[in-house]
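In: heads up, no residue letters with this:
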Ligand SMILES: Cc1cc2nc3c(=O)[nH]c(=O)nc-3n(C[C@H](O)[C@H](O)[C@H](O)COP(=O)(O)OP(=O)(O)OC[C@H]3O[C@@H](n4cnc5c(N)ncnc54)[C@H](O)[C@@H]3O)c2cc1C
């Protein structure tokens, strides 16, 4: 840990300010914030550039401002990120109380009936690169649900099975998967690993910002370590949004006109039995005034009620969560101390200003449906690392491209999450009516919905090379919610499509016979570890 005195730090700052920026390609990166955004970004930058002595990474985090403490569902992208950082999957699974997540199960989103349920699995539909299988499925829509027709994963999830076997190497899969994890333990592992990669950790509070005349940040003034100079500053300060928000006064663009939810009430629920099954997907159950996430870790569940403070008060939120857990309000209050988390759904007008880029909650946050926050952190960290600016001229160019790319991604998150509400037929509260009011639907989504009256979602609707939600994700939601094209589909049939449907059925039978349960695989990993890649 850096222990510079105030004078040393001031001298360093003066020297840094006088030296030409990025001299000899030298780059001192300072990350503010030690939540999962800060440590993931620092670790990825350090891992990617560890062979380059001109790049240094320092992370400063406050001992008094806690991390958000939630964020337990990841996407499959996390496997590649962890491998790239150099963390072993066995170590990750065991130290983060992690389990395998194969997608989401949406219950009671279409209608308020207990049987209403559909899957958004992580595995792409069969034969994705050969044909648009959705077009061939319409003929069978009365017989088999879309997700089950095009992927074995819904059956694997329903049976609580693991996505791989003990002999499957680290990070490899039989069925695509991400993780459910303990957010606090994940940060602890990332901290330890990033420090091994050479990230310098400073525990202190940033209290002021010192600027260059051209608007770039020159240094962070800390409480005990004096001034901390740098060339590139990554704002991972969470909802404080210290640099991009408070210092640069970059407005937060609220998206509450599209997505109402601004509150969550969260608890950790122990299993009644330590051998209880661990769910293989996030369960997202719609409620009259919101929805509840239910995430199974090996030692407990994480459960939270996401809602809108304007429609639900604290007492109603508590009783909704108690009812979900099949407890009376008195029993619930005696057992749990739920945490209320409030947020304004939205994202910054710009994420990159001068030599500062915001990642994680500092850049924005929209409700956790589809758990898209950590993947945005991964994508941001990758972008910064791969396009690392080495001169003042490059700063503005890279910054503009970053802003453009991530604005598109945030807009897509709004659109994709909104789709879940728009397709619902629930009318058991004003909340649901407000969530799908026509005026609340982004114009871009209205256009797509009009298009999907005639065509299946395809790559033509989503032109970016690295789309956050590809056409298949839209298909899983649209057809899971039974929203079919209104115009008559050509009666398509092909030998290849029929073969593909048969392959899914055959593979499903093999997997049901050949995969162990989520819990059993975790126990095997504890006993033997996974094979190193
Ligand atoms: C209810 C809810 C559920 C969620 N579920 C999911 C999910 O399932 N999947 C998912 O991907 N994401 C989820 N998220 C989002 C996820 O939790 C965050 O994106 C992730 O934890 C990253 O947070 P962060 O690091 O940006 O912020 P934080 O964890 O808040 O960290 C902020 C850091 O900044 C530091 N800091 C603040 N001020 C100062 C200062 N002055 N000086 C020095 N340091 C300072 C703090 O000490 C802390 O270390 C959820 C979020 C919420 C609210």
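Out: Arrived safely. Remember, predicted model here, so these are calculated numbers, not experimental data.

In: next one: phi and psi at the closest residue to residue 61 other than its chain neighbours?
Out: Excluding its sequence neighbours, the residue lying closest to residue 61 (C-beta to C-beta, 6 or more residues apart in numbering) is residue 34, at 2.8 Å. Quick note: C-beta positions are derived from backbone N, CA and C, even for glycine. Taking degrees, to the nearest 10, you get phi -120, psi 40 for the backbone angles of residue 34.

In: Check what pLDDT residue 34 gets.
Out: pLDDT for residue 34: 98.

In: repeat for residue 132
Out: 88.

In: now do residue 467
Out: 89.

In: Please name the nearest non-neighbouring residue to the residue in the stretch 301-450 of the chain that the ligand sits nearest to.
Out: Residue of the stretch 301-450 of the chain nearest the ligand, by C-beta to the nearest ligand atom: residue 360 (2.5 Å). Spatial nearest neighbour of residue 360, excluding adjacent residues (C-beta to C-beta, 6+ apart): residue 37 at 2.4 Å.

In: Shouldn't that neighbour be within a helix?
Out: Yes. Judged by DSSP: H, G, I helix; E, B strand; the rest coil, residue 37 forms part of a helix.

In: got a list of what it touches?
Out: Shown in contact with residue 37 (C-beta atoms under 8 Å, 6 or more residues apart in numbering): 236, 238, 359-362, 377.

In: quick one: which two of the residues you listed are the most distant?
Out: Largest separation among the contacts of residue 37 by C-beta to C-beta: 238 and 377, giving 11.5 Å.

In: between those two, who's got more neighbours?
Out: Between residue 238 and residue 377, counted using other C-beta atoms under 10 Å, residue 377 has the larger neighbour count: 27 against 23.

In: ok, and the closest non-adjacent residue to the more buried one?
Out: Using C-beta to C-beta, 6+ apart, the closest residue to residue 377 is residue 37 (4.7 Å).

In: Now do the one you found against residue 373, distance only.
Out: Applying C-beta to C-beta, to the nearest Å, the value for residue 37 to residue 373 is 8 Å.

In: Mind listing the shared neighbours of these two?
Out: Common contacts of residue 37 and residue 373 (C-beta under 8 Å, 6+ apart): 360-361.

In: For residue 48, see how far away the residue nearest to residue 61 is.
Out: Residue 34 is 20 Å from residue 48, by C-beta to C-beta.

In: Give me the more crowded residue out of those two.
Out: When neighbours are counted by other C-beta under 10 Å, residue 34 and residue 48 differ, and residue 34 comes out ahead with 26 against 19.

In: That one is in contact with residue 190, isn't it?
Out: No. With contact defined as C-beta atoms under 8 Å, residue 34 does not count as touching residue 190 (9.0 Å).

In: Which neighbours do residue 238 and residue 377 have in common?
Out: Both residue 238 and residue 377 are contacted by 37, 360, under the criterion C-beta under 8 Å, 6+ apart.

In: which non-adjacent residue is nearest the residue of the stretch 101-250 of the chain found nearest the ligand?
Out: The ligand sits closest to residue 238 of the stretch 101-250 of the chain, with a gap of 2.5 Å, by C-beta to the nearest ligand atom. Closest residue in space to residue 238, ignoring its immediate chain neighbours: residue 361 at 4.4 Å, by C-beta to C-beta, 6+ apart.

In: For residue 246, see how far away that neighbour is.
Out: Distance from residue 361 to residue 246, counting by C-beta to C-beta: 14 Å.

In: More neighbours: which of the two?
Out: Using other C-beta under 10 Å, the more surrounded residue of residue 361 and residue 246 is residue 361, with 24 against 15.

In: ok, that one - contacts?
Out: Applying C-beta under 8 Å, 6+ apart to residue 361 gives the contacts 35, 37, 68, 238-239, 241, 343, 373.

In: between those, which is nearest residue 300?
Out: Set against residue 300, the nearest of these by C-beta to C-beta is residue 68 (18.2 Å).

In: for the chain, what are the low-confidence residue spans?
Out: 1-21, 488-493, 533 (pLDDT under 70).

In: Up against the ligand, what does it have?
Out: Residues of the chain lying close to the ligand (C-beta under 6 Å from any ligand atom) are 32-38, 60-62, 65, 67-68, 70-74, 183, 205-206, 236-238, 240, 242, 264, 304, 341, 343, 360-362, 368, 371, 373-374.

In: 5 Å - rerun?
Out: Within the chain, the positions adjacent to the ligand are 33-37, 61-62, 65, 67-68, 70-71, 73, 205-206, 237-238, 240, 264, 341, 360-361, 368, 371, 373-374 by C-beta under 5 Å from any ligand atom.

In: Okay, and which of the residues you listed map to strands?
Out: Taking DSSP state E as the definition of strands, these contribute 61, 206, 264, 341.

In: Tabulate the residues you listed in a markdown table, adding columns for neighbour count.
Out: Shown next, in a markdown table, are those (neighbours: other C-beta atoms under 10 Å):
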| residue | neighbour count |
| --- | --- |
| 61 | 23 |
| 206 | 28 |
| 264 | 22 |
| 341 | 18 |
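
In: In a strand, residue 126, correct?
Out: No. Counting by three-state DSSP, one finds residue 126 to be coil, located in no strand.

In: what sits against it?
Out: 133, 150-151, 500-501, 503-504.

In: Need these in a markdown table (columns: secondary structure and neighbour count).
Out: Below are the contacts of residue 126 laid out as a markdown table (DSSP: H, G, I helix; E, B strand; the rest coil; neighbours: other C-beta atoms under 10 Å):
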| residue | secondary structure | neighbour count |
| --- | --- | --- |
| 133 | helix | 24 |
| 150 | helix | 28 |
| 151 | coil | 29 |
| 500 | helix | 21 |
| 501 | helix | 19 |
| 503 | helix | 13 |
| 504 | helix | 21 |
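
In: Pull the number of nearby residues for the closest residue to the ligand within the stretch 51-200 of the chain.
Out: Residue of the stretch 51-200 of the chain nearest the ligand, by C-beta to the nearest ligand atom: residue 71 (2.5 Å). For residue 71, the count of nearby residues is 23 (other C-beta under 10 Å).

In: How about residue 274?
Out: 9.

In: Could you measure from residue 472 over to residue 129?
Out: Distance from residue 472 to residue 129, counting by C-beta to C-beta: 11 Å.

In: For these two, indicate the residue with more neighbours.
Out: Between residue 472 and residue 129, counted using other C-beta under 10 Å, the more crowded position is residue 472 (24 against 5).

In: isn't that one right next to residue 122, touching?
Out: No. Judged on C-beta under 8 Å, residue 472 makes no contact with residue 122 at a distance of 10.1 Å.
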